[in-house]
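[1] What follows is a predicted structure for the sequence shown.
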Amino acid sequence: MSTLAILLSAFVLSVVGLFVFIWTQRRGLFDPSPAAAEVIFARGEVGAVEDPAVTPAALRGLQASSPAAVGAADPAELADRARADASSAPLVFFLLCCSFVWLLVASAAGLTASIKLHEPDWLTQQAWLTFGRIRTLHLNAVAYGWAPMAGLGIAMFVLPRLLKTTLVGARYAFMGAALWNAGLAAGLGAIAVGLADGLEWLEIPWQVDVLFVLGGALMGFPLVLTLLQRRVHHLYVSVWYMGCALFWFPVLFLVANIPGLHRGVQEAAMNWWFAHNVLGLFYTPLALATIYYFLPKIIGRPVQSYNLSLLGFWGLAFFYGQVGGHHLVGGPVPAWMVTLSIVQSMMMLIPVLAFTVNMHGTLKGRMAALRWSPTLRFIGFGGLMYTASSVQGAFEALRSVNVVVHFTHHTVGHAHLGMYGFVTMVFFGAMYFVLPRVTGREWPSPWLIGAHFWLAAIGVSIYFVSLSHGGWLQGMAMLDAARPFMESVTLTIPYLKARSVGGALMVLGHIAFVVHFGWLLLVKPSGRQQPTLLKAI
């Protein structure tokens, strides 16, 4: 079969599949009130806002920003939700505590690596502090520590609520989390002493990866067991995203780590297949599921178009699987494979635009809620960065753009826009909502929440803008045969220093977050008997 036939077949099948899916929906894509979108609320709860991270005065302001009439929520359903929260609270608390630890480890390693790019002689006495190792420690602490622990902790909190039942099999997840964290500690130790597999995102030795496989499998049990005990007929879109993330990741991780299965050029293709898909098919679904639950819940309004949310899910499933190949433009791989990756990268604009239109429609008329809800500010910022990073990534895949930005700091800026600006900021917002629920304590300082947001938002903005601009100039310099290579290096120094400034602000935000969490644990409980804080408005 010719290259053209393969590409056209992939394109036509994807588009036809999407249109068949759209056609099968019983209502139009822009139907404002399908019943399925209201499953996250108790009967009579639509119109009532909810955010445990706000003060009583801010909660009244948040409610005033919602023009919908507030009904009387069914007390029985609220009691069931409290029991669901109580069933998941110990596990969620443990997972989120682990995420705080790895966030600090990743922050310290990341800032150290950033400074070393413009101060290469700093901290060179120890081998594990050299750039090659400390940067790899940062990547793995984020990829297998902070992000999975935070994302899975949020998922374990949300799933019982969406399925309207208690969490089943939490003890398996506890064992799985313990194995996972032991594997990560061993893996980071191996990298620090120079034992690594040499593939980006797959540096941890495969012998240690066995612990991740066992731990991940055990953490997936509660999803299956709780699904079997569900008390809802319809599975909300967040369950789709979270369930598939917990299915997709084991497939990716297992295939990528089988010893000796991939060699030579195949290994390079596999490497970028895994590295891109672990972001798009694991972290991204967890973050999108988080947005689709918490954003409507906070403003008391069902998502504007439930069918658009399903279009976004199936678009991600249809198109994302092969986008990693655009990192091999110019490499010794079949041209059709790279072209297919470029096509699918551009097709990703469909689910991204579906999400963007849906979120804008849901927030329309309620933008004032961003003023009152700190959780919504983090999640809203993260959703905006999902759109920005996805659009940038689609165009970055084009050969005309890729030839300039490949092997430059521009790509690093793009990766942080997605992994930090989108995923991490969404997880931050959700944690501000979740932790008071599972601890029975309220956040002591609205000021620290605000400081965390602005430090993180301004920091990642400086980080992204500096690397994007500096990386483009770097790429143009490398393409000019009349300019020496060292010129492409020296011209990036000011931008790398700006990167460290942005990174330092982000780290300060993380410290504020961790200090605030410790303060929350030290304050007296609210006195309520239920872990769900049902505040009177």
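    Great, that's in hand.
[2] wait, isn't Leu195 in contact with Pro205?
    Yes: at 5.8 Å, Leu195 counts as touching Pro205 under the criterion of C-beta atoms under 8 Å. For every residue, glycine as well, the C-beta is placed using N, CA and C.
[3] With neighbour numbers in mind, choose between the two.
    Between Leu195 and Pro205, counted using other C-beta atoms under 10 Å, Pro205 has the larger neighbour count: 17 against 14.
[4] residues contacting that one?
    Gly187, Ala190, Leu195, Ala196, Asp197 (C-beta atoms under 8 Å, 6 or more residues apart in numbering).
[5] can you do 7 Å?
    Contacts for Pro205 (C-beta atoms under 7 Å, 6 or more residues apart in numbering) come out as Ala190, Leu195, Ala196, Asp197.
[6] Tyr236 too?
    Taking C-beta under 7 Å, 6+ apart, we find Tyr236 in contact with Val39, Ile40, Leu162.
[7] the helices in the stretch 51-200 of the chain, which residues?
    Using DSSP state H, counting those that start in this stretch, the helices of the stretch 51-200 of the chain run over 56-64, 75-118, 131-141, 147-163, 170-192.
[8] ok, the residue located most distally from the centre of the chain to Gly365 distance?
    In the chain, the residue that sits farthest from the middle, by C-alpha atoms, centre = their mean, is Ala482; the gap is 41.9 Å. Per C-beta to C-beta, to the nearest Å, Ala482 is found 56 Å from Gly365.
[9] And Leu179, by the same measure?
    In terms of C-beta to C-beta, Leu179 sits 47 Å off from Gly365.
[10] One more: His414?
    33 Å.
[11] neighbour count winner among these two?
    Using other C-beta under 10 Å, the more surrounded residue of His414 and Gly365 is His414, with 21 against 14.
[12] Which strand or helix spans that one?
    Assigned by DSSP states H and E, His414 falls within helix 409-416.
[13] Please list the outside residues in contact with that helix.
    By C-beta under 7 Å, 6+ apart, helix 409-416 touches 389, 392-393, 396, 405, 460, 463-464, 467-468, 470-472, 474-475, 492, 495.
[14] Moving C-terminal from it, which element do we reach first?
    Going down the chain from helix 409-416, the next helix or strand is helix 425-439, by DSSP H and E.
[15] what's next to that following helix, contact-wise?
    Helix 425-439 has contacts (C-beta under 7 Å, 6+ apart) with 51-53, 85, 89, 92-93, 96, 150-151, 154, 157, 287, 290-291, 294, 374-375, 378-379, 381-382, 385, 442-443, 449, 456, 517, 520, 531-533.
[16] any idea how far Tyr241 is from Val514?
    According to C-beta to C-beta, Tyr241 stands 28 Å off from Val514.
[17] Apologies, that question was intended for His138.
    For His138, the distance to Val514 - C-beta to C-beta - is 17 Å.
[18] In terms of packing, which of the two has more residues around it?
    More neighbours surround His138 than the other of His138 and Val514, with 20 against 16 (other C-beta under 10 Å).
[19] Show the contacting residues for that one.
    His138 makes contact with Ala106, Ala109, Gly110, Ala113, according to C-beta under 7 Å, 6+ apart.
[20] Next one, pLDDT for the last one please.
    Read it as Ala113. pLDDT recorded at Ala113 is 97.
[21] what's the burial count for it?
    Neighbour count of Ala113, defined by other C-beta under 10 Å: 22.
[22] do the same with the second one
    Neighbour count of Ala109, defined by other C-beta under 10 Å: 23.
[23] How about the first one?
    The number of residues packed around Ala106, counting by other C-beta under 10 Å, is 24.
[24] if we can go back for a sec, mind checking what secondary structure the residue farthest from the centre of the chain has?
    Three-state assignment for Ala482 (DSSP: H, G, I helix; E, B strand; the rest coil): coil.
[25] give the contact list for the residue nearest the centre of the chain.
    With distances taken as C-alpha atoms, centre = their mean, the residue of the chain nearest its centroid is Val423 (2.7 Å). By C-beta under 7 Å, 6+ apart, the residues touching Val423 are Ala147, Tyr283, Ala287.
[26] now the strands for the stretch 301-450 of the chain?
    Along the stretch 301-450 of the chain, counting by DSSP state E, counting those that start in this stretch, no stretch forms strands.
[27] Tell me where the model's unsure across it.
    Within the stretch 301-450 of the chain, the set of residues satisfying pLDDT under 70 is empty.
[28] for it, what spans make up the helices?
    Under DSSP H, counting those that start in this stretch, the stretch 301-450 of the chain gives helices at 306-319, 335-347, 349-363, 369-372, 374-396, 399-405, 409-416, 425-439, 446-479.
[29] so which of those comes closest to Asp121?
    Closest approach to Asp121 among the helices of the stretch 301-450 of the chain (C-beta to C-beta): helix 409-416, 20.2 Å.
[30] what's the angle from that closest one to helix 446-479?
    Inter-element angle recorded for helix 409-416 and helix 446-479: 150 degrees (by axes from the mean of the first three to the mean of the last three C-alpha atoms, to 10 degrees).
[31] can you give me the angle helix 409-416 makes with helix 374-396?
    Interaxial angle, helix 409-416 versus helix 374-396 (the same axes, to 10 degrees): 140 degrees.
[32] what distance separates helix 409-416 from the centre of its chain?
    From the chain centre to the centre of helix 409-416 is a distance of 16 Å (C-alpha atoms, centre = their mean, to the nearest Å).
[33] Stretch 336-347 too?
    Counting by C-alpha atoms, centre = their mean, stretch 336-347 is centred 23 Å from the centre of its parent chain.
[34] could you pull out the strands for the stretch 151-300 of the chain?
    Assigned strands in the stretch 151-300 of the chain: none (criterion: DSSP E, counting those that start in this stretch).
[35] Give the buried residues for stretch 179-193.
    Buried positions in stretch 179-193, judged by neighbour count with 16 or more other C-beta atoms under 10 Å: Leu179, Trp180, Asn181, Gly183, Leu184, Ala185, Gly187, Leu188, Ala190, Ile191, Ala192.
[36] my bad, should have said stretch 453-472
    453, 455-457, 459-472.
[37] which residue sits closest to His327 in space, ignoring its chain neighbours?
    Once flanking residues are discounted, His327 sits nearest to Trp272: 4.5 Å by C-beta to C-beta, 6 or more residues apart in numbering.
[38] How about the secondary structure of Ala42?
    coil.
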